[in-house]
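> quick one, structure for this:
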Amino acid sequence: MSSMIIGVLSDTHDNIHATRRILRRLSNHNVELIIHLGDIVSPFTLKAVREEIGNIKLIIVKGNNDGDVYLLNKLSSSYGWMFYSEPTILEIEGRRIFIMHGYGDASTTEKIVDALAKSIDTDILLYGHTHIARSKHINGKLVLNPGEACGYITGRHTYGIIDITTLNTEIFEEDIK
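Residues are numbered from 1 along each chain as shown. Predicted coordinates:
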């Protein structure tokens, strides 16, 4: 049985150059699906994303800095992608995946995610917002924040890869010049 490889990124914040570089790397990993955990910011970034990933499916959850939600949703739909305005649970290859951006400061977001991991019926919890890469298991669930793609807060351009069958996960850092 072949495994589906999922790419995960967050907090691109309209850094087109970094976003394109990371999306190229995700394509090199042969991902079949990319999940963006919010803070794309402007709809024009989605056009650059489409140019890079072509027909790879994209699922997006809204972040606190995503401005024109109407147009982000409309563009996503026109590309055959899913845009969620609220946290949601996805069913992918038999895995239940909770996706959200985040709330409040980094500490608050991590407390919410950790509490959800102890109580919600999912296999994976994905979140962004904190700009801090984090991968751990809580209560038998994979909890992953791919960090920030933009590099604006930490100076790092990070993203994650998940093998949906084995739940093997890796966080990569891209050197953006």
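
> show me where the protein has its helices.
16-28, 43-53, 69-78, 106-119 (DSSP state H).

> give me the buried positions along the first one.
Under the neighbour-count criterion of 16 or more other C-beta atoms under 10 Å, helix 16-28 has 16, 18-23, 25-26 buried. C-beta: built from backbone N, CA, C; applies to glycine.

> the longest one now?
Of all the residues in helix 106-119, those buried under the rule 16+ other C-beta under 10 Å are 109-110, 112-113, 116-117.

> repeat for the third one
Neighbour-count burial for helix 69-78, with 16+ other C-beta under 10 Å as criterion, is recorded at 72-73, 75-76.

> now swap in stretch 42-56 and tell me
By 16+ other C-beta under 10 Å, the buried positions in stretch 42-56 come out as 42-43, 45-46, 48-50, 52-53, 56.

> same list (the residues you listed) but as a markdown table, adding distance to residue 66 and pLDDT.
Converted to a markdown table, those look like this (distance: C-beta to C-beta, whole Å; pLDDT from 0 to 100):
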| residue | distance to residue 66 | pLDDT |
| --- | --- | --- |
| 42 | 8 | 95 |
| 43 | 9 | 94 |
| 45 | 10 | 95 |
| 46 | 10 | 94 |
| 48 | 15 | 94 |
| 49 | 13 | 95 |
| 50 | 17 | 95 |
| 52 | 19 | 94 |
| 53 | 19 | 94 |
| 56 | 20 | 94 |
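
> can you tell me which of these is closest to residue 31?
The nearest member of the buried residues of stretch 42-56 to residue 31, counting by C-beta to C-beta, is residue 56 at 6.5 Å.

> for that closest one, what are phi and psi?
Phi and psi for residue 56, reported as degrees, to the nearest 10, are phi -70, psi 130.

> contacting residues for it?
26-27, 31-34 (C-beta atoms under 8 Å, 6 or more residues apart in numbering).

> low-confidence ranges in this protein?
By pLDDT under 70, the low-scoring segments of the chain are 1-2.

> ranges for the strands of it?
Taking DSSP state E, the strands of the chain run over residues 5-9, 33-36, 57-61, 82-84, 88-92, 95-99, 124-126, 134-138, 141-145, 158-163, 169-173.

> save those strands as JSON lines, and put in mean neighbour count and distance to residue 68 too.
Shown next, in JSON lines, are the strands of the chain (neighbours: other C-beta atoms under 10 Å; distance: least, C-beta to C-beta, whole Å):
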{"stretch": "strand 5-9", "mean neighbour count": "25", "distance to residue 68": "20"}
{"stretch": "strand 33-36", "mean neighbour count": "26", "distance to residue 68": "16"}
{"stretch": "strand 57-61", "mean neighbour count": "22", "distance to residue 68": "13"}
{"stretch": "strand 82-84", "mean neighbour count": "18", "distance to residue 68": "12"}
{"stretch": "strand 88-92", "mean neighbour count": "14", "distance to residue 68": "20"}
{"stretch": "strand 95-99", "mean neighbour count": "21", "distance to residue 68": "21"}
{"stretch": "strand 124-126", "mean neighbour count": "26", "distance to residue 68": "23"}
{"stretch": "strand 134-138", "mean neighbour count": "14", "distance to residue 68": "29"}
{"stretch": "strand 141-145", "mean neighbour count": "24", "distance to residue 68": "25"}
{"stretch": "strand 158-163", "mean neighbour count": "23", "distance to residue 68": "24"}
{"stretch": "strand 169-173", "mean neighbour count": "16", "distance to residue 68": "30"}
